[in-house]
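In: Everything below, folded, please.
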Amino acid sequence: MSTHKSGFPNPLRWIGAGVLGTFAEIGRLSTFAGRMAFAAVTPRWFFGQIWRQMIQIGFYSFPVVGMSAVFIGAALALNIYSGGSRFGAEQFVPNIVVLGITRELGAVITGLMLAGRVSAGISAEIGAMRVTEQIDALETLSASPFRYLYAPRLLAAIISLPILVAASDIIGVMGGWLVSVFSLDFDSATYLRNTLDFVTTDDIIVGLTKAVVFGAVIAIMGCYQGDRSQAGATGVGRAATLSMVGAAVLVLATNYIMSNLFAELGL
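Out: Below you'll find the model as predicted:
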């Protein structure tokens with residue numbers, strides 16, 4: 001280790017090593033993502049694998065996504081009502097609830113839920129296959145793991161996430177409706193009419209577009225960390241943790257970038 005004459009460690013060496021390591025990791029992840037994307041958009045496709053992954057990613061995630069959405073919608077309505085009552089603006093609760101859920105919270109909450117459940121699960125599954133040399137066996141048989149293992153998970157996530165987000169939007173809005181009607185004394189017909197009149201096609205498209213990107217992020221991080229998993233239970237567990245944390249951070253980062261982009265485009 002490089003040190004000063006006084007014997008203290010050289011902090012510049014640590015900073016430089018950290019920066020170089022970060023750029024090297026970004027390069028490896030980008031290359032891996034590019035290979036996954038190429039395998040996903042070119043034949044041959046394994047439709048049985050894609051269908052199985054859609055069941056794993058989409059169908060089995062629906063309960064947790066639905067429960068999260070209804071509570072988010074309910075809490076959002078309560079907080080908007082509480083804040084709006086200070087300015088006499090309680091009547092805008094349905095408008096803000098549907099806008100917040102369709103443009104932001106529906107996609108982000110669904111993305112974060114699946115970052116924990118799906119990305120970690122993919123990483124653990126791929127990691128177990130890597131350390132038991134099943135992936136090496138595929139390569140020995142001239143079967144590309146990118147085409148047979150990784151691309152189906154990417155396609156399944158890209159297809160499943162918008163469906164889950166659409167369901168999350170509906171359930172979240174209904175959660176806000178339940179609280180507003182049964183706790184805050186809103187008229188049900190008026191609440192629903194204001195919701196439908198205020199939401200636009202652009203709001204829905206923004207949320208679903210984000211869902212497609214979040215699905216790709218979740219699948220790529222899960223496969224990438226799983227493929228790099230080290231031997232042993234500790235290595236597989238570490239890969240699952242890294243994939244979950246990385247996917248969650250990237251979901252939030254890409255959400256900010258896309259929100260800025262959509263604002264610039266006037267959507």
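
In: count of residues packed around the closest residue to residue 149 other than its chain neighbours?
Out: Once flanking residues are discounted, residue 149 sits nearest to residue 126: 6.7 Å by Cβ to Cβ, 6 or more residues apart in numbering. Quick note: C-beta positions are derived from backbone N, CA and C, even for glycine. When neighbours are defined as other Cβ atoms under 10 Å, residue 126 has 28 of them.

In: would you say residue 126 is within a helix?
Out: Yes: applying DSSP: H, G, I helix; E, B strand; the rest coil, one finds residue 126 inside a helix.

In: where does the stretch 101-250 of the chain have low pLDDT?
Out: Within the stretch 101-250 of the chain, not a single segment meets pLDDT under 70.

In: hang on, the earlier thing: tell me if I'm right that the residue nearest to residue 149 and residue 227 touch.
Out: Yes: here residue 126 reaches residue 227: they are 5.9 Å apart, a contact under Cβ atoms under 8 Å.

In: quick revisit: can you pull the contacts of the residue nearest to residue 149?
Out: Residue 126 makes contact with 135, 149-150, 222-223, 226-227, 229 under the criterion Cβ atoms under 8 Å, 6 or more residues apart in numbering.

In: Mind putting those residues into JSON lines with secondary structure and distance to residue 189?
Out: Conversion of these to JSON lines gives the following (DSSP: H, G, I helix; E, B strand; the rest coil; distance: Cβ to Cβ, whole Å):
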{"residue": "135", "secondary structure": "helix", "distance to residue 189": "57"}
{"residue": "149", "secondary structure": "helix", "distance to residue 189": "51"}
{"residue": "150", "secondary structure": "helix", "distance to residue 189": "49"}
{"residue": "222", "secondary structure": "helix", "distance to residue 189": "44"}
{"residue": "223", "secondary structure": "helix", "distance to residue 189": "48"}
{"residue": "226", "secondary structure": "helix", "distance to residue 189": "50"}
{"residue": "227", "secondary structure": "helix", "distance to residue 189": "53"}
{"residue": "229", "secondary structure": "coil", "distance to residue 189": "55"}
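
In: So which of those residues is surrounded by the most neighbours?
Out: residue 222 (33 neighbours).

In: Tell me the spatial nearest neighbour of that residue, not counting adjacent residues.
Out: Closest to residue 222 by Cβ to Cβ, 6+ apart is residue 122, at 3.0 Å.

In: right, and the one you found touches residue 154 too?
Out: No: using Cβ under 8 Å, residue 122 is not in contact with residue 154; the gap is 9.9 Å.

In: out of those two, which sits in the more crowded spot?
Out: Set residue 122 next to residue 154 and count neighbours by other Cβ under 10 Å: residue 122 wins out with 32 against 26.

In: any idea how far residue 135 is from the more buried one?
Out: Using Cβ to Cβ, to the nearest Å, one obtains 13 Å as the distance from residue 122 to residue 135.

In: which residues are in contact with both of residue 126 and residue 227?
Out: 135, 150.

In: give the contact list for residue 232.
Out: Contacts of residue 232 (Cβ under 8 Å, 6+ apart): residue 131.

In: Please disregard the earlier target; I meant residue 213.
Out: 254, 258.

In: go with 10 Å
Out: 107, 111, 158, 161, 250-251, 254-255, 257-258 (Cβ atoms under 10 Å, 6 or more residues apart in numbering).

In: Tell me the first helix or strand C-terminal of the one helix or strand it maps to.
Out: For residue 213, the host element (DSSP states H and E) is helix 201-227. Per DSSP H and E, helix 201-227 leads on to helix 232-265 as the next helix or strand towards the C-terminus.
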